[in-house]
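Undergrad: Below are the sequence and a predicted model for it; my questions follow.
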Amino acid sequence: MSSPSSVAECLVGTLDTNPNVRMSAELRLAELMAIPETGMALSQVISTQDADMSLRQMKRWSPYFQTFRGSAPSAKIKSQIRQAVFNGLSDPVRKIRSLSAHTLSSIANCDWPDEYPDLLASLINLLSSNSPESVHGAMQVFTEFIKSDLTEDQILPVLRDLLPVLLSILGSTETQTPLTRSRTVSVFRQCVISLFMVKDQHPQSVKEAITSILPVWLEAFKVLLNMDSSKDVAKGSNWEGLAVRIQIFRALDTIHTSFPRAIAPYLPELLPTSLAHLKSLYPTFDQYYLASTESVPSSSEDETIELPQLITSIMDFVSSVVRAGRAKEWFTGQNAIALISAVFDYIQMTDDDEENWANNANAFVAQEDDELAPYSVRVAGLDLLTCLLDRTPAQTTATCHSVIQNVVRSSDQARSSGNKDWWRPLEAALTAVGSQAETIQECIDDEQESGRSKPIDIESLLANVIPTILGQSGELGRGFVFASQYAKLLPVQLAGQYLDAAIHVIEANDASIPIKVSAVKAVHNFCVGSDEKALSPFIPRIAKDLGPFLAVTSEDTLSLVLETLSVVLEVDKGKWMTQELANSLVVAVIDVWTKNNKDPIFLSIFPDILNSLAAADVSGIYETVVKQALPLLCNSIAVATVDQSYVAGSAIELVGSLVKASSNGLGEGFFPLLAPNLFKCLSEVEDRDVIQNGISCLTLIVRKDCGQLLTWRDSSGQSGLEHVLRLVARILQAEDESAGLTIGELIIHLLRRAGESVLPVLPELLHALVTRMLAAKTATFVQSLVVPFAFLINNQRDTVLALLEEMNIQGRTGLDVLIQTWCENAETFQGFWPSRSSTMALTALFASERPSLQVLMVKGDIILKPETKNVIMTRSRTKTTPTEFTSVPFPVKAIKILLHEVQSGGEPATMGATQEFADDVDSDDGDDDWADTGDATKDSELEFLSELIGPKGMAFDNDDILDVSDDEDLKGDPISQIDMQAHLVSFFRECAARNTNHFSTVVDQLSAEEMLVVRRIVDES
């Protein structure tokens, strides 16, 4: 049997420094753990006051943890264990109370409420006692318990009994410690979250609870917050009082987010209190964090209470209020000035920041990036400023102007008097205003367009303030960044001066890390926002300086340098590039790529850099870049192992960026050097990303220099075209469709560029495409299979149709399979050229009047059933009530698809009020009351939707979208140039005039709305 003494003896042995003794004790303990009574013995050791502390803390041996071994104790023993652990909550030793609380929370997770129904009542009784130790222990249990163990039905009853007791403890300033009182607020906050989670299930009960509970707590919060906060940080205190305030502001934020109406009446008092806290605590923040003249005191529980925790909680609460647009009248006048002044004060660079950033460039870069910066007072303050600017841009910008002017004056005075920290407030002010550069510039433009004066004078700062501080201190690299953030406002001459200063810093050997990184960031911003006239004189020098940076930077700093190099190379299309500079940059870039080709963030930057280098508009640069990069990339493709396929995939992508940059063929020997390794890799690799990169690369090669692919032969005499077709066959045979999403583009360009060479194998290729349609599932893959047929039909309609009519695919004609697949997916096709190509081909098919097409039946419109009308069809409902469609002849379906294109694809003006007729058609949805009342609103909504939808929702004559979605070859294709809207209108009128393909009969089979559209098109003059 396990006795407390024998268990204690084993525990002592497990702590022995002698490994033999320790191993023997652990083996003995393992035997004891198989005995159910061991758990009871362990709990007795915990509650034994004269036992050694190291033994009493060994809660890890409790059988309720994941490392539990042996037999489960009986219900009687479990009850005794629970009672022993519960008694530990009142233990005089704080660590034992904390460990008992953690253990009891774990027990409750397993046993409550079924096996431990009296736990809550016992804990509440413990809270109601006058013992500080008991309250401390019980509060720690509740902190965990409320978060994870209460169900929806248990929350409301528990809160009714618990919250009054918690409120009593919160108010016991004389008998309870601040840390215990802060836990009551933490538990209350979790209760509010729980109420919010169940408000939909129990709306009335939650409303009653909120009405009765929140006002009492909010009044208590007001009283506690109105107490002098400076006393909590007075010299000699342990700052534990801040813990209560931290939890109160977090609770206020939660209440405001969850139940905003309940807190709204209290905001006029809570907001001034928040600002008062920021004002009164700033001297302490300055002393302990900015100047760091003293160390932050430790609390009685060895838990450091940090002032930044309170500051961020206050700022988060105020940000939440601003974001919701409440208490607008308070955020004006002196309140706005005081609040923004406080933000500027608190976001100053601390001593820790200064030391960390001086030694760690990556940390400095990270804090400059909204997505990378760790949460801090600086981040919280800038977030608050963002909220204010979003809500009241002009007012907040004007306030920022007023505050920054005061900061400039006080910094000048401090500098004149010899204060070594004179730069901190100015750096913070520039950070604040610079971080909002885009919003502030928009505000300036809006105000001036409205005939009002500028709310802030950025030009004055750029001309009179920033130049005087550059180089004064390492930290004032902020001046570079600020100037670059407002580059659009700089005159060309002044922008050149800033760029020159930034370059000097980059080239200086003694410049600190922050100022060097700031200079690089400034160069990046200048290249994005400045006129090329200001940049051109400096770009070659900048590019030369950035090259060496690539070898000595890493992580976030390397990412910044790469992004900067990328935008530098785009300036003036690289006309300033020299072969020597290009050579050195390629070597540096490929070296960095080799060392970082596992990082997806870096991998996304390299293709743009290599493409910009190779595409520089200077004779001989392309050849220089290819000569340096291609052999290394081909070797990387060859040596990459199966588990390093990502290296091969990235190398292939980089080769593609070189191909894309070529303007007059790939250059002699390009494809012969690449082809063996490329085709070997693509024939063996299973990684779909590598295959997709390979297809894209081959597509570019076909477009740029198809001749090299056609003339190349491997050692066995097989041509490049044969290898490409073998790759196509492999992809079509694969079950995974993701690798073949771009295969259609490759086939189309092969047909365009190598039509005569493809002709002998065309029947076999088309047979493979149609066969794969039978099993294709994804819309994008289907499009990849169908669009090549659209291209062929637009060019050789009758030949292709004859071929399809003779083709047998599992007992069906190839034409049947193609047309069925096409009609079901035509309206999902994406991309400007593919959509147009499909539309043109459908008109050609209809006009062919081919008998095989006239009798072909395809899926028509959905059949609306009474049981499914106005019902959202979930997956389970679809299984029980499958969706059914009508069956219509292909000519009817073709006209339906083309009518849809007319209605959704073009500008109403270009086809003669097509939209106008739609407004005349009666709706059968019964929602007439919801009709738009103004055309302006509808137009703006449609314009917005067009931007979201993309090519199919935009005007057919909008060629700008081609820059993104299609390559240059297709942009110059006649299909891309045609006025599609006019073509479709002409098509319908001609069909009507000639009764093409029995047009009148086809129209009779359309819906009433579709007939009206046809008549409107045909009748319009």
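TA: Perfect, thanks for sending it.
Undergrad: if I read this right, Leu769 contacts Leu785, doesn't it?
TA: Yes: using C-beta atoms under 8 Å, Leu769 is in contact with Leu785, at 5.2 Å. C-betas here are computed from N, CA, C, even on glycine.
Undergrad: Distance-wise, check Gly137 relative to Thr175.
TA: 15 Å (C-beta to C-beta, to the nearest Å).
Undergrad: er, Ala30 actually
TA: 45 Å.
Undergrad: And for Cys387?
TA: 40 Å.
Undergrad: Of those two, which one has the most company?
TA: Cys387 (21 against 13; other C-beta atoms under 10 Å).
Undergrad: if I pick the closest residue in space to that one that isn't next to it in sequence, what's in contact with it?
TA: Take Cys387 and drop its neighbours on the chain: the residue closest to it by C-beta to C-beta, 6 or more residues apart in numbering is Val322, 4.2 Å away. Going by C-beta atoms under 8 Å, 6 or more residues apart in numbering, Val322 touches Phe331, Leu384, Cys387, Leu388, Arg391.
Undergrad: Weed out the non-buried ones from the residues you listed.
TA: Taking 16 or more other C-beta atoms under 10 Å as the criterion, what is buried in the contacts of Val322 is Phe331, Leu384, Cys387, Leu388.
Undergrad: Surely the second one and Val318 touch.
TA: Just to be clear, that refers to Leu384. Yes: between Leu384 and Val318 there is a contact under C-beta under 8 Å: 6.0 Å.
Undergrad: So Leu898 is in contact with Ala841, correct?
TA: No: with contact defined as C-beta under 8 Å, Leu898 does not count as touching Ala841 (10.9 Å).
Undergrad: So those two - more neighbours on which side?
TA: Ala841 (25 against 21).
Undergrad: Output the contacting helices and strands for the strand or helix carrying that one.
TA: Using DSSP states H and E, Ala841 maps to helix 832-848. With contacts taken as 3 or more C-beta pairs under 8 Å, 6 or more residues apart in numbering; DSSP states H and E, helix 832-848 sits against helix 779-806, helix 890-905, helix 962-965, helix 974-977, helix 980-994.
Undergrad: And the ones you listed, which one averages the lowest pLDDT?
TA: Here the helices and strands packed on helix 832-848 differ in mean pLDDT, and the lowest is helix 962-965 at a mean of 40.
Undergrad: For the helix or strand following that helix, could you pull out the residues that count as buried?
TA: Helices and strands here follow DSSP H and E; after helix 962-965, the next one along the chain is helix 968-971. Residues of helix 968-971 classed as buried by neighbour count (16+ other C-beta under 10 Å): Asp969, Leu970.
Undergrad: do stretch 611-628 as well
TA: Buried, per 16+ other C-beta under 10 Å, within stretch 611-628: 611-616, 618, 621-626, 628.
Undergrad: Pull the residues that contact that stretch.
TA: With contact meaning C-beta under 8 Å, 6+ apart, stretch 611-628 is reached by 566, 569-570, 573-575, 577-579, 582-583, 585-587, 589-590, 610, 629, 657-658, 660-663, 666-667, 670.
Undergrad: With stretch 273-289 instead?
TA: For stretch 273-289, the surrounding residues in contact (C-beta under 8 Å, 6+ apart) are 222, 225-226, 228-230, 233, 245, 249, 293-296, 307-308, 310-311, 314, 317-318, 335, 338-339, 342, 345-346, 350-352.
Undergrad: swap in stretch 407-416?
TA: Phe344, Asp421, Trp422, Trp423, Pro425, Leu426, Ala428, Ala429, Leu461, Val465.
Undergrad: Are we agreed that Lys235 is in a strand?
TA: No: looking at Lys235 with DSSP: H, G, I helix; E, B strand; the rest coil, it is coil, so not inside a strand.
Undergrad: So for it, what pLDDT did the model give?
TA: Reading off the model, Lys235 has pLDDT 75.
Undergrad: Not counting its neighbours along the chain, what's nearest Arg850?
TA: Leu801 is the one closest to Arg850 (C-beta to C-beta, 6+ apart), at 6.1 Å.
Undergrad: Run a quick neighbour tally on that neighbour.
TA: Neighbours of Leu801 using other C-beta under 10 Å come to 22.
Undergrad: cool, Asp253 as well?
TA: 21.
Undergrad: what's the answer for Val318, then?
TA: 28.
Undergrad: Just give the nearest non-adjacent residue to Asp518, would you?
TA: Quick fix: residue 518 reads Ser, not Asp. Gly477 (2.7 Å).
Undergrad: my bad, should have said Glu686
TA: Counting by C-beta to C-beta, 6+ apart, the residue nearest Glu686 is Ser645, at 7.7 Å.
Undergrad: Just say helix, strand or coil for that neighbour.
TA: Going by three-state DSSP: Ser645 is helix.
Undergrad: measure it to His256 for me?
TA: Taking C-beta to C-beta, one finds Ser645 at 50 Å from His256.
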